[in-house]
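Enquirer: pasting the sequence and the predicted model now:
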Amino acid sequence: MRTSASGRNGRVLTRALLSVLALTGAASVTSAQTTVTLSQPTTQVVSATVRGGTYATQNEQWLLETRASDNLEYNRRALLKFDTENTIPKGSVVTSALMTVTVKTGSADASRTIGAYQTSLSWTETEVTWKQRRNGENWPTPGGDYGSKLDDAVVGNTAGTKVTFDVTALVQAAVAGQLGSSRYTRIALMDLDGSTSDSYREYVAPNDANTSARPVLKVVYGGSAPPPPPPPPSGSTLRVLQWNTHHGGTGTDGVWDPDRLVTWIAKFNPDVISLNEMERYTSWSHNTDEPVTIAALLKQKTGKTWYWKFATLSGSANGIGDMILSRVPIDASEPRLLSGGRSALDVAITYNGRTINLTSTHLHPDSSSYRLTEIGELTSWELGLAQQRIIAGDFNATPTSTENTTMKKTYYDSWAEAQADGTAVAYAGNTAGNTRNSRIDYIYFSHDASNLVLTGSQVYDTRDASGVMPSDHRPVMSVFTVK
């Protein structure tokens, strides 16, 4: 039983789709913007570490350390203060603020969750300790007083690893003068995982001789204020985007440029996004956390809050993997390891009152045998997930392959269905909708997803004036009505 329209309705939808799938673009700042990078020691950034126990009255200026411990003797929190008062005009519209620190050394635990928090009270870098924020003024709570968590990240123990935190909300409030008379940005880094002697991390300090590894706060401001984030959609149109990013945005010119990639994503105006070949702390990502970067850039370019999950192909904390982003909250998520060193990631969202399970996967690049095994594992796992079910990903298999035939036993190939209905849109020179050398990226939806009605599918031309694409794959979007 097909749930897509056909015949006369399909022809009508072809015309409608040209409007629905137009590159409407998300809200962007139309007037000039300024980017300021704060990294100069003393004048732009200072730091300190506070530690409990017998160290509670010891000032540790410049040092940046975190460690989780039930014994205060070993518990450490890193403090950073950036001068956003003298470098950014008061009241400026801040559209993005990303803080990056670099791991200098770390103990045996290979992955620790580090949270970035607002420091609620001012402190003096030459005087701050676990007990006091400056001489003669104790912290109300020993160890420091902190506001809301701004962001968190999984931090490895490899020297040179760069970690980025989205601190836009705090910098916006500071620059607007909403935090009191001082407009400095004060941030604390704390280990959120359990107590262990192997949780220690030291980060490169602002005064370190290696200038490229110092803490950096990159702030973009100016232009028109972005519109407020829209409320969760009450309508029924669900726009699903699938894109293999080629390692987070390495274009056909060989240049790694996540900003270029996300600029295109924002233009497509998706509701949920499946991204393959995302990298966390690898050489492809220049030792950065690409999922964090992509989510922050997407928020900056759309003015929307995005909820996301990431899972590596191997199940480890760092490496290559799949990412799902949604502009509605994620109700639940689960990764699943597959054969052949592959995996799948599922998230459940509620859309127009219906549960939608969206799974992202990237099947084996070389072996059809592995891919068929992975499809068997994937579809078997999916039987335990609630309808409505959508599977998106790079299947590394052509439309005439056994892999696609196997998938179509229980799932519809949305591009093929739209093509049959006359609602598939590509572009001159690629009427077949190829996403690479052939059509190997798919958005499938279950035969039993009775509340999903396919209204169209599109493969986008992402070449710039020089013929360069932001990835070696082309993105595909399918649009559904959720009944």
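Expert: Received, thanks. In this text the structure is predicted, and so the values were computed from the model without any measurement.

Enquirer: CA only for contacts and neighbour counts going forward, please
Expert: Will do.

Enquirer: ok, now which residue in the protein is the farthest from the centroid?
Expert: Relative to the C-alpha centroid of the chain, counting by CA atoms, centre = their mean, G136 is the outermost residue, at 42.8 Å.

Enquirer: now it: how far from T129?
Expert: Applying CA to CA, to the nearest Å, the value for G136 to T129 is 12 Å.

Enquirer: kindly provide the distance from the nearest residue to S446 once chain neighbours are set aside to T379.
Expert: Among residues not flanking S446 along the chain, Y411 sits closest, at 4.2 Å (CA to CA, 6 or more residues apart in numbering). Distance, Y411 to T379, by CA to CA: 9 Å.

Enquirer: for R183, same thing?
Expert: Note on R183: its distance to T379, by CA to CA, is 53 Å.

Enquirer: where does L378 land in three-state SS?
Expert: State at L378, reduced to three classes by DSSP: H, G, I helix; E, B strand; the rest coil: helix.

Enquirer: my read: it touches S339, true?
Expert: No: here L378 lies out of contact with S339, judged by CA atoms under 8 Å, at a distance of 9.9 Å.

Enquirer: these two: which is more packed in?
Expert: L378 (21 against 16; other CA atoms under 10 Å).

Enquirer: give me the pLDDT for the more buried one.
Expert: At L378, the model reports a pLDDT of 97.

Enquirer: residues contacting it?
Expert: Applying CA atoms under 8 Å, 6 or more residues apart in numbering, we find L378 in contact with 338, 344.

Enquirer: pLDDT below threshold where in the stretch 351-483 of the chain?
Expert: Within the stretch 351-483 of the chain, no stretch falls below the threshold (pLDDT under 70).

Enquirer: quick one, strands of it?
Expert: Ranges of strands in the stretch 351-483 of the chain, per DSSP state E, counting those that start in this stretch, are 354-362, 389-394, 411-413, 424-425, 441-446, 452-459, 476-482.

Enquirer: JSON lines for these, including mean neighbour count and distance to V154?
Expert: JSON lines is the format used below for these (neighbours: other CA atoms under 10 Å; distance: least, CA to CA, whole Å):
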{"stretch": "strand 354-362", "mean neighbour count": "24", "distance to V154": "21"}
{"stretch": "strand 389-394", "mean neighbour count": "24", "distance to V154": "25"}
{"stretch": "strand 411-413", "mean neighbour count": "22", "distance to V154": "35"}
{"stretch": "strand 424-425", "mean neighbour count": "26", "distance to V154": "40"}
{"stretch": "strand 441-446", "mean neighbour count": "26", "distance to V154": "29"}
{"stretch": "strand 452-459", "mean neighbour count": "26", "distance to V154": "34"}
{"stretch": "strand 476-482", "mean neighbour count": "23", "distance to V154": "30"}
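
Enquirer: among the ones you listed, which is nearest S92?
Expert: Judged by CA to CA, the one of the strands of the stretch 351-483 of the chain that comes nearest to S92 is strand 476-482, at 36.1 Å.

Enquirer: which strands or helices does that closest one pack on?
Expert: Strand 476-482 is packed against strand 237-244, strand 441-446, strand 452-459, with contacts defined by 3 or more CA pairs under 8 Å, 6 or more residues apart in numbering; DSSP states H and E.

Enquirer: what's the angle from the first one to strand 389-394?
Expert: I take that to be strand 237-244. Our comparison of strand 237-244 with strand 389-394, counting by axes from the mean of the first three to the mean of the last three CA atoms, to 10 degrees, yields an angle of 30 degrees.

Enquirer: contacts for whichever strand or helix holds D331, please.
Expert: In this structure, D331 sits in strand 330-338 according to DSSP states H and E. Residues outside strand 330-338 that contact it (CA under 8 Å, 6+ apart) are 307-309, 311, 313-315, 343-350, 374, 377-378.

Enquirer: that one pairs with which strands, parallel or anti?
Expert: strand 342-351 (antiparallel) (DSSP bridges).

Enquirer: in the partner strand, what's buried?
Expert: Residues of strand 342-351 classed as buried: 342-349, 351 (neighbour count, 16 or more other CA atoms under 10 Å).

Enquirer: tell me the one of the residues you listed nearest N357?
Expert: Lowest distance from N357 to the buried residues of strand 342-351 (CA to CA) belongs to A348, with 4.5 Å.

Enquirer: and that closest one, how close does it get to I356?
Expert: 6 Å.

Enquirer: residue ranges for the helices of the stretch 151-300 of the chain, please.
Expert: Remark: helices assigned in the stretch 151-300 of the chain by DSSP state H, counting those that start in this stretch are 168-175, 246-249, 258-268, 290-302.
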